[in-house]
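Colleague: Structure of the sequence below:
(chains A, B, C, D, E and F)
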There are 6 protein chains.
Amino acid sequence: MTQMTRPSGRQYDQLRSVTLETGVAKHAEGSCLIKAGDTHVLCTASVETRVPPWLRNGGTGWVTAEYGMLPRSTSERMRRESSAGKQSGRTQEIQRLIGRSLRAVTDLAALGENQISLDCDVLQADGGTRTASITGAFVALSQAVDWMKAKKIVDANAVVIRDHVAAISCGIYKDEPVLDLDYAEDSNAIADANFVMTGSGALVEVQATAEERPFSQQDFSALMMLAEAGIQDLVVLQKQSLG
Amino acid sequence: MTQMTRPSGRQYDQLRSVTLETGVAKHAEGSCLIKAGDTHVLCTASVETRVPPWLRNGGTGWVTAEYGMLPRSTSERMRRESSAGKQSGRTQEIQRLIGRSLRAVTDLAALGENQISLDCDVLQADGGTRTASITGAFVALSQAVDWMKAKKIVDANAVVIRDHVAAISCGIYKDEPVLDLDYAEDSNAIADANFVMTGSGALVEVQATAEERPFSQQDFSALMMLAEAGIQDLVVLQKQSLG
Amino acid sequence: MTQMTRPSGRQYDQLRSVTLETGVAKHAEGSCLIKAGDTHVLCTASVETRVPPWLRNGGTGWVTAEYGMLPRSTSERMRRESSAGKQSGRTQEIQRLIGRSLRAVTDLAALGENQISLDCDVLQADGGTRTASITGAFVALSQAVDWMKAKKIVDANAVVIRDHVAAISCGIYKDEPVLDLDYAEDSNAIADANFVMTGSGALVEVQATAEERPFSQQDFSALMMLAEAGIQDLVVLQKQSLG
Amino acid sequence: MTQMTRPSGRQYDQLRSVTLETGVAKHAEGSCLIKAGDTHVLCTASVETRVPPWLRNGGTGWVTAEYGMLPRSTSERMRRESSAGKQSGRTQEIQRLIGRSLRAVTDLAALGENQISLDCDVLQADGGTRTASITGAFVALSQAVDWMKAKKIVDANAVVIRDHVAAISCGIYKDEPVLDLDYAEDSNAIADANFVMTGSGALVEVQATAEERPFSQQDFSALMMLAEAGIQDLVVLQKQSLG
Amino acid sequence: MTQMTRPSGRQYDQLRSVTLETGVAKHAEGSCLIKAGDTHVLCTASVETRVPPWLRNGGTGWVTAEYGMLPRSTSERMRRESSAGKQSGRTQEIQRLIGRSLRAVTDLAALGENQISLDCDVLQADGGTRTASITGAFVALSQAVDWMKAKKIVDANAVVIRDHVAAISCGIYKDEPVLDLDYAEDSNAIADANFVMTGSGALVEVQATAEERPFSQQDFSALMMLAEAGIQDLVVLQKQSLG
Amino acid sequence: MTQMTRPSGRQYDQLRSVTLETGVAKHAEGSCLIKAGDTHVLCTASVETRVPPWLRNGGTGWVTAEYGMLPRSTSERMRRESSAGKQSGRTQEIQRLIGRSLRAVTDLAALGENQISLDCDVLQADGGTRTASITGAFVALSQAVDWMKAKKIVDANAVVIRDHVAAISCGIYKDEPVLDLDYAEDSNAIADANFVMTGSGALVEVQATAEERPFSQQDFSALMMLAEAGIQDLVVLQKQSLG
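Modeller: As a prediction, this is how the structure comes out:
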């Protein structure tokens, strides 16, 4: 690697400082406030003992997610989506991604006919809100499953959560691959990619996009390697936060 | 007063523990996280150097507010309003109230053709979210005006904020007037009332509602007296938080 | 009181001329056209022998209200809310107020699992449409209950309506408290207040708002006294219209 | 014709009793309350001195219409369209018909760049609301044009309204053509048709629909003859109401 | 007839070249691509073995239709209605017309409690899309009924379709009645009319509208005669396409 | 590779039969009907000589896309999005993907302040509609640019389109990587991925999703290799269709 300097002064393969604080929502069955640098997302898990209509009487459960940004989480105030009357395409895309990522590590049959809804609300944004949401929501989800076991809603021995799942962004910034883009980098990246992986290193989701120009398969491989290392670090933090 | 016991053990005229933390939103021109017991509201102020179309070229500014609850701020998860496609009547009623309350102490002409938007987002709810929003939003509003003065958007000597404004709820619980209802009281009150007053004790808004049965004018007067004392305490806290 | 002159030439404590005409809607189970000066509101009551989902199998009934303004009830044509695709915050606030006011004097258990919907449609507006709606809707509601008794949907001896309810606005106009604001006064008032009271003088709803400047508790008390007298006059008219 | 008896006892070619009352809306530039039997429609005309964007700077004006039914104008309460969040297909179809019918007799160039909006609100319905709306709206439109001439918004000598326009329904009821269906007939008709014609007998709109079975061209011709006579009677009433 | 020349060079009573191609949608129970000159409409029929809620347990079926235009079916791109968030009044009017026309020749009781939905999507537009939709949808409907008979969903001997139905537009162009308006004629017609008739020549729907000026009853009769001949030709084509 | 058999009998690295037919939409500035097996998408390009508000006076143009499915393009009829009142999250995600993919090869500055809108409407679906849309839309886009050059809207020598772009899906089906999933494979895949690449083999978009279980980085690499070969074949077809 050359002497490229990141706006934050971080190394090309260095995560932002990340904290995962649990027990932050009095009413929720699971909760986690994830702070990745200046990106702060409040993740809550809500348990319902029923499933959407299209799953009823099928014996399996469901995990779903919703995502929102507070209007002034961003440098310019954004219009409130409830006032606009609809969720943007971006919002829907992100919440679909979070839901798929969590379901990939959940045994829905072991969950029984119950639903867990993850709400990921961005209190402050500085890039990487979708990946932080996945990482934090996994913690809230795990707590909710533990709560269900304690309440005997699911069997205490069931393996509902099959593996950890976490996510990180990478990108090509000033022609070099870097890990965990903040907003200053994200808005100037040549390409960016979001990786969702399990604790055992398998891929769950890959989304890579050329921003300024198409990129090579070699560049893509470099991004994937950075992501793998970053996600392993995040999984360690998840384990610590869950005790 | 008789020996009525409040669920929280508070005295009939005792506020919940209240904190007003400023500087909680990196991007906003003013911000305040108000915690009144287990009710937590994040208030941000956003400055725009333009006004809504119906005010243009009139020389005066505008102060407006929006209110939202995170889906799991409540004991049961609420449907996200952006997903429902509209704001509920309750939400609209509350944000109209917040906006009117703040405008009552703002000299809109002194503000020039600028708009300040207050966003009050309930992170956790335990009764009294609308009054906490007003009390906290005032702090964020004051900071935003100071920011505008520092940026020379408004004259440094202008008296834009004419007085403090704060709000509190009262209610008749087990036949006795009490100050600052929490959720356990609010959901069982015979009547409840929200008072918005200035630092000098004048009325800005009064909203009183019979819940279980109509109430007497004497009861109403007792509520107003409790509110006046509570609001004076809140104004002291506002002053402390604004330094 | 000083020599302040109201635009209409009325005394400070004088209601506008009020008429309550019943039997004005062929299809409705109750109906009342209230005219308070140039404010004309058509109120109809519709009986359904079922309740909203959240009340089913609970044994109690429901009273609800909707409010609308014809597009050209006002001096400038207003956009039709069905064309705009939603009800304004003001509309929702008013219809919630009407519903609460009527439920405060209704024994919902005595109503059985039936719903009465009050529609208050403003044919012509000159201030005070929400209070006129409450006063008129009470008459339609009473007729609907009588109709239900005649049809043996509720027991003929049940006390479904526990008291009368009526409403009036007051305000501080040219620094003096006056009763029953018309539009010319309302749009220039320092403060205005809406009072909803029962026939026996108890409070059901109070909504007071500073328009031009905060107001004193003494001013507020003066408004409440004016309202009490005005509402008693309205209750007499309600009794006459109901025979 | 055979001895078929209509529910109302009317002759096959007999209109319901029709009245056209003007001056019924204090704020509108033109207004007419049309009562055709138990069908009552309040029609108001609103003048704006500007036109929709797609007509700007073209020198011609516009005439448009909106239609609504009060929720309890019908025997069963209908859902309020503002609450449903949209206008039904039927509503849109009717208001498009009213607008086209009025434009057919208006010289839009003579109107200048001004718009007249007709609001037709059904206070009580008993069949034939769309045709009554057209007949009544024409009166309100004529008044509005006179008001514009008096205000010198259009030239006093301009022929803005080129002819009268009125409308009536006909139908095949119990195998015989009858004029001016009321609800009892309309809901049992084999076919029904709405005719809009000018004072000079020319056709503006024809809408005929098979309800129970397709119908012959001879039947259709019989309906058109009935309509022509009925519309001539309505035009006489329009002239009387306009003085 | 005089020497009026149509833009397309057709005779005043000449249809555009019409083709009805079946089997064009792999998944649908019936399908027809109708091309009438440059107007191309893809019609599909979808069978569901259930009916809308208001028909349940009544023993009869339902036939309904939806209509749409691809955004670039027209000379100027139209806004996509799904993006606009609602169907225009025109769209709703047309799909209601298609549905009524098809139900007029369908024995809904013979259909049993099943629904057939016809989707008419305009791939390319050059006038007459609503009448082409009816003519093509009838073919798809007939195929779907045959499919239901083959699947024994309805009795093989039942007369579900009682007659053919087809539709055509006519209009007064350069003062002369002409058959089957294309866009060039439609946008300059003095009046236009849509006729829907059965194979046996009975009327199902008539919709005639003055565009430039009111028109005489004689003109109207001329249009109806043209339509009758054109529809008979279309019915022959329908029979051929259905084998 | 082992003896795994694909439902269609294709080799693991074999595309479906693909045709790209141009000139299929009379009104559009560019058009292409792409058929990839039983997946048929009609792509049209519409040129506007203005840009969205946020780009005005910036000197650059815009390329955007919308996507829709005809209700009966699928084996079960889908609800029409215009009737549902909104586009699904899936639809928005796809149209955002198409737009980004096309912009990645377009020099927006060379386009001038003009916008090209690509409409991709699925007439029949059998898997792979989003990738077919990108491949077909590129052809329509290229034609539209040629049309703009012929009309001298952009300079004839400008290099507006910098490279070809095409897309294909791959997936892991019965534990083996295969190219170009049809619906039978897609609905049973362990994982699927969509690749968008340029004619020179650079990556534009990668979207990979675990469906049944997380997948390895080796599997992912195998999919990318299959995609690269398939996309090169599609680019050859694009060149042929563009002459």
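
Colleague: A:Glu185: what secondary structure?
Modeller: Here A:Glu185 is recorded as helix under DSSP: H, G, I helix; E, B strand; the rest coil.

Colleague: Kindly apply the preceding question to A:Asp119 instead.
Modeller: Relying on three-state DSSP, one would call A:Asp119 strand.

Colleague: Show the contacting residues for it.
Modeller: A:42-44, A:46, A:65-68, B:70-72, B:77, B:80 (C-beta atoms under 8 Å, 6 or more residues apart in numbering or on different chains). Using the backbone N, CA and C atoms, a C-beta is placed for each residue, glycine as well.

Colleague: Name the member of those residues that has the highest neighbour count.
Modeller: A:Cys43 (32 neighbours; other C-beta atoms under 10 Å in any protein chain shown).

Colleague: Please tell me how far it sits from chain B.
Modeller: Between A:Cys43 and chain B the computed distance is 10 Å (C-beta to the nearest C-beta, to the nearest Å).

Colleague: Next: A:Glu66.
Modeller: Using C-beta to the nearest C-beta, A:Glu66 is found at 5 Å from chain B.

Colleague: Secondary structure class of that residue, three-state.
Modeller: Strictly by three-state DSSP, A:Glu66 counts as strand.

Colleague: and what of A:Leu234?
Modeller: State at A:Leu234, reduced to three classes by three-state DSSP: helix.

Colleague: Excluding sequence neighbours, find me the nearest residue to it.
Modeller: Leaving aside its sequence neighbours, A:Leu234 sits nearest to A:Ala166 (C-beta to C-beta, 6 or more residues apart in numbering or on different chains; 4.0 Å).

Colleague: List the contacts of that neighbour.
Modeller: A:134-135, A:138, A:196-197, A:199, A:231, A:234-235, A:238.

Colleague: Out of these, name the ones that lie in helices.
Modeller: A:134-135, A:138, A:231, A:234-235, A:238 (DSSP state H).

Colleague: Pull the distance from the helix or strand hosting A:His40 to the chain's centre.
Modeller: Element membership of A:His40, judged by DSSP states H and E, is strand A:39-48. For strand A:39-48, the separation from the chain centroid amounts to 11 Å (computed by C-alpha atoms, centre = their mean, to the nearest Å).

Colleague: Counting by contacts, list what that strand packs against.
Modeller: Packing contacts for strand A:39-48, counted by 3 or more C-beta pairs under 8 Å, 6 or more residues apart in numbering or on different chains; DSSP states H and E, involve strand A:30-36, strand A:115-124, helix A:129-150.

Colleague: Other residues contacting the shortest one?
Modeller: Same thing as strand A:30-36. With C-beta under 8 Å, 6+ apart, strand A:30-36 has contacts from A:15-25, A:40-45, A:128, A:132-133, A:135-137, A:139-147, A:180, A:241, B:72.

Colleague: nearest residue to A:Gln207 other than its sequence neighbours?
Modeller: A:Asn194 (4.7 Å).

Colleague: Burial check on that neighbour, number of neighbours?
Modeller: By other C-beta under 10 Å, 24 other residues sit near A:Asn194.

Colleague: Quick check: neighbours of the helix or strand it falls within in the sheet, parallel or antiparallel?
Modeller: Following DSSP H and E, one finds A:Asn194 within strand A:191-198. As defined by DSSP bridges, the strand partners of strand A:191-198 come to strand A:165-173 (antiparallel), strand A:203-210 (antiparallel).

Colleague: which regions of chain A lie under the pLDDT threshold?
Modeller: Applying pLDDT under 70 to chain A picks out residues A:1-3.

Colleague: Output the set of residues of it in proximity to chain E.
Modeller: Neighbours of chain E within chain A, by C-beta under 8 Å from any C-beta of the partner chain: A:Lys86.

Colleague: Nearest the middle, which residue of chain A would you pick?
Modeller: By C-alpha atoms, centre = their mean, the mean C-alpha position of chain A lies nearest to A:Ile134, the distance being 1.5 Å.

Colleague: How about that one: what's its closest non-neighbour residue?
Modeller: A:Ala167 (4.0 Å).

Colleague: The one you found contacts A:Thr129, doesn't it?
Modeller: No. Contact criterion C-beta atoms under 8 Å: A:Ala167 and A:Thr129 do not qualify, at 10.8 Å.

Colleague: Looking at those two, which is more packed in?
Modeller: Just comparing A:Ala167 and A:Thr129: by other C-beta under 10 Å the higher neighbour count belongs to A:Ala167, 28 against 24.

Colleague: show me what contacts that one?
Modeller: A:101, A:130-132, A:134-135, A:194-197, A:205, A:231, A:234.
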